[in-house]
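Trainee: Give the three-dimensional model of this entry:
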Amino acid sequence: MKAFLMAVLLGTAAWAQPDPGARPPDTVVVAGVDDAPRRGTYVEAALGVFTAMGGTRPFSSGEPYLALTFGRDLGSRASVFASLGLGAARSSCYQLSPTGDSCLGADSFGATFLEVGVSYGFAIAPRTMLAAKVLGGFTDLSPGPVQRNGSVPDHVPGLHAGGGFSLDYDTRLDHFAVGIDAVIRETFARYGVRMPSLVVMPRIRYVF
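Mentor: You can find the predicted model right below:
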């Protein structure tokens, strides 16, 4: 019996010896590689809040703002873009009657912005960028916020310029980034209409 137990112990010891040809255990923790954010041609969709200034109220009632943007990254910091934005001003008059008791033009109207712009940013945290942007383009106000020749025109065209700031985060979901913009525009339209406006819009970006 003793001989049998001794044989079992010797066999177990031999089995427990490491294989000289086996790979030694890792002594350094292997970490994953964080891929750089994707850059290139992109498309963005935004849904935010729009308000107009310069009328009978400091700010018109907030209305939804929709935007679609196509752009191209120029390196890791700069980009150029073209955008279509749709907003609306509500309950703010831009032409009062001589007695001041009624509005001669439409006190609620749509605002369409077709524009181009550039942005340039700086990294403030991993995958996070704070950028400044300037933009300008064409504005259409419909119906007109002022009266012309005794009637309210269907459309009042104009030009606008503006700028703002954006905060962007490149998600680890490949191709996708999210952000939020605050943009101020100044519109100079026909018939002496001057309309500053503000939009704050969260957005999502897809980089091809």
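Trainee: quick one: buried residues of the helix or strand containing Leu68?
Mentor: Taking DSSP states H and E as the definition, one finds Leu68 inside strand 63-74. Within strand 63-74, the residues that qualify as buried by neighbour count (16 or more other C-beta atoms under 10 Å) are 63, 65, 67, 69, 71, 73. The way it works is simple: take the backbone N, C-alpha and C, and place the C-beta from them, glycine included.
Trainee: From Val183, how far off is the fourth one?
Mentor: When C-beta to C-beta, to the nearest Å is applied, the distance between Thr69 and Val183 equals 11 Å.
Trainee: same deal with Arg77?
Mentor: Using C-beta to C-beta, one obtains 19 Å as the distance from Arg77 to Val183.
Trainee: Compare the two and say which is more crowded by neighbours.
Mentor: The neighbour comparison of Arg77 against Val183 (other C-beta atoms under 10 Å) goes to Val183, with 26 against 14.
Trainee: in which helix or strand would I find that one?
Mentor: When elements are defined using DSSP H and E, Val183 is found to belong to strand 176-189.
Trainee: Taking their axis directions, that strand and strand 63-74 sit at what angle?
Mentor: With axes from the mean of the first three to the mean of the last three C-alpha atoms, to 10 degrees as the criterion, the two stretches strand 176-189 and strand 63-74 enclose an angle of 110 degrees.
Trainee: helices and strands around the helix or strand that strand 176-189 is followed by, which ones?
Mentor: On the C-terminal side of strand 176-189, the closest following helix or strand by DSSP H and E is strand 194-207. Here strand 194-207 is seen to pack against strand 41-52, strand 63-74, strand 78-89, strand 176-189 when contacts are counted using 3 or more C-beta pairs under 8 Å, 6 or more residues apart in numbering; DSSP states H and E.
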